[in-house]
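>>> Sharing a sequence plus its predicted fold:
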Amino acid sequence: MDTNFIDDFFKLTGYEGKLYIDENEECYQALQLKRITPLNALPMVFSKSARNGIRQVKEQRVGGNLRGDGYQLGGVLIVRKGGDLVAFQRQESPAQLPMEPHEVLQVNSQNF
């Protein structure tokens with residue numbers, strides 16, 4: 001598992017809390033997060049939603065890198081202390097954000 005993103009994450013977000021690293025990727029399996037293959041990724045890259053996603057990333061000047069497992073789709077999972085589920089959204093394609101950053105902040109401000 002590529003963990004090089006961790007230093008960038010702390011630096012960019014200012015987050016000082018605990019961070020759980022799922023080295024065996026068991027969470028991905030338990031949450032049934034999708035994996036894509038090079039073959040099914042190709043049409044996705046040229047789709048309208050991909051073009052819109054790329055445009056949005058450029059407009060918002062979102063930084064990042066392409067390190068790690070580029071075929072694993074992710075999601076957003078927000079859980080209260082004690083285990084109560086606050087929000088869960090799966091990423092359905094590489095071009096889609098599972099949840100907009102402002103939505104994550106809004107959920108957090110309303111629940112914590």
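Structure's in. What do you need?
>>> for residue 87, helix, strand, or coil?
Secondary structure, DSSP: H, G, I helix; E, B strand; the rest coil: residue 87 is strand.
>>> Name the SS class of the residue lying farthest from the centre of the chain, please.
The outermost residue of the chain, judged against the average C-alpha position, is residue 82 (22.9 Å), by CA atoms, centre = their mean. Secondary structure assignment for residue 82 (three-state DSSP): coil.
>>> Just list the residues touching it, thanks.
With contact set as CB atoms under 8 Å, 6 or more residues apart in numbering, residue 82 has no partners. Quick note: C-beta positions are derived from backbone N, CA and C, even for glycine.
>>> how close does it sit to residue 111?
For residue 82, the distance to residue 111 (CB to CB, to the nearest Å) stands at 12 Å.
>>> cool, and residue 16?
Distance, residue 16 to residue 111, by CB to CB: 19 Å.
>>> Between the two, which is the more surrounded one?
Taking neighbours as other CB atoms under 10 Å, residue 16 and residue 111 compare with residue 111 leading, 12 against 7.
>>> Grab the nearest non-local neighbour of the more buried one.
Among residues not flanking residue 111 along the chain, residue 86 sits closest, at 5.0 Å (CB to CB, 6 or more residues apart in numbering).
>>> Report how many residues lie close to that neighbour.
For residue 86, the count of nearby residues is 14 (other CB under 10 Å).
>>> go on, residue 37?
8.
>>> give me every residue that touches it.
Contacts of residue 37 by CB under 8 Å, 6+ apart are residue 71.
>>> The chain: strands as residue ranges?
Here the chain has its strands, by DSSP state E, at 75-79, 85-90.
>>> winner for burial among these?
strand 75-79 (a mean of 16; mean count of other CB atoms under 10 Å).
>>> That one - contacts with which helices or strands?
Judged by 3 or more CB pairs under 8 Å, 6 or more residues apart in numbering; DSSP states H and E, strand 75-79 is in contact with strand 85-90, helix 101-111.
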